[in-house]
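1. A structural model of the following input is requested.
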Amino acid sequence: MAGRRTDTRERIQQVALELFAERGYDKTTLQEVAERLRITRPALYYHFRTKEAILAGVVDRLVDSIDELVTWARQQPMTAESKQEILRRIAELLADQWRPLFQFAQVNQGVMRELPAGECMRQSLISMLSLLAPPEASPVRRFEARLAVIAVILGNVPFLVDTDLSEAERVAVALEVATKLVSEDG
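-> Here you go, the predicted model:
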């Protein structure tokens, strides 16, 4: 039974994010979420009482995923191979599962600044952006390392990059650019 409840919660979060990205967070009602899911409002309220609770749940899952990645990455030696693997894992984290949240965050930047979930997501992303260069690295190397992560994000969030490439090609190009940014010869 717990698995079914989790599936329902995840489906609610997915549909809510779609609506938030389409209509905007402020303009979307819980009634609209329930209607799109073809469930009653009481059934929705059983899982989530507010839009903020839905968003907080989604962000919590993303933050947990990023924290796991950051913990793993910090245990790796900073070789060219491990940097490339970190970038690949970031791309994997962003693929499909977290893409809708990034789309939502882009469209609803004001909401993300105001809600506690937004600050939590921001802090988690900062830790991910800081993975590929130690604090003692030069400012240029630290900036290149952050740009590498941003390149991977751009390659995985199609609405941010207007190209004629397929999704697979766009992701591959982003990883290639990101890898060059963190290579020793820069």
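2. Low-confidence ranges, this protein, go.
-> 1-6, 96-97, 158-163, 185-186 (pLDDT under 70).
3. what's the offset of the longest helix seen in it from the middle of its chain?
-> Under DSSP state H, the helix in the chain containing the largest number of residues is helix 51-74. On the basis of CA atoms, centre = their mean, to the nearest Å, helix 51-74 sits 8 Å off its chain's mean C-alpha point.
4. what comes up buried for that helix?
-> 51, 54-59, 61-63, 65-66, 69-70, 73 (16 or more other CB atoms under 10 Å). Any C-beta I mention is one placed from the backbone N, CA and C, and that applies to glycine too.
5. so what does that helix touch, helix or strand wise?
-> In terms of contacts (3 or more CB pairs under 8 Å, 6 or more residues apart in numbering; DSSP states H and E), helix 51-74 is packed against helix 2-23, helix 30-37, helix 80-93, helix 99-107, helix 116-129.
6. Quick one: neighbours of the nearest residue in space to K83 that is not next to it in sequence, just the number.
-> Residue nearest to K83 in three dimensions, not counting chain neighbours: V182, with 4.8 Å by CB to CB, 6 or more residues apart in numbering. For V182, the count of nearby residues is 23 (other CB atoms under 10 Å).
7. out of everything not next to it in sequence, what's closest to T179?
-> T179 sits nearest to Q84 (CB to CB, 6+ apart), 5.4 Å away.
8. wait, isn't the one you found in contact with K180?
-> No. Using CB atoms under 8 Å, Q84 is not in contact with K180; the gap is 10.6 Å.
9. Who has more neighbours out of those two?
-> Shown here are Q84 and K180; by other CB under 10 Å, Q84 has more neighbours (16 against 13).
10. Regarding the nearest residue to L87 once chain neighbours are set aside, what is its secondary structure?
-> Leaving aside its chain neighbours, L87 sits nearest to A178 (4.9 Å; criterion: CB to CB, 6+ apart). Using DSSP: H, G, I helix; E, B strand; the rest coil, the structure places A178 in helix.
11. For A34, see how far away A178 is.
-> 41 Å (CB to CB, to the nearest Å).
12. more crowded one of the two?
-> Set A178 next to A34 and count neighbours by other CB under 10 Å: A178 wins out with 29 against 19.
13. Who are the contact partners of the more buried one?
-> For A178, the contact set (CB atoms under 8 Å, 6 or more residues apart in numbering) comprises L87, L147, A148, V149, A151, V152, G155.
14. so how far is E176 from the third one?
-> The reference is to A148. 11 Å.
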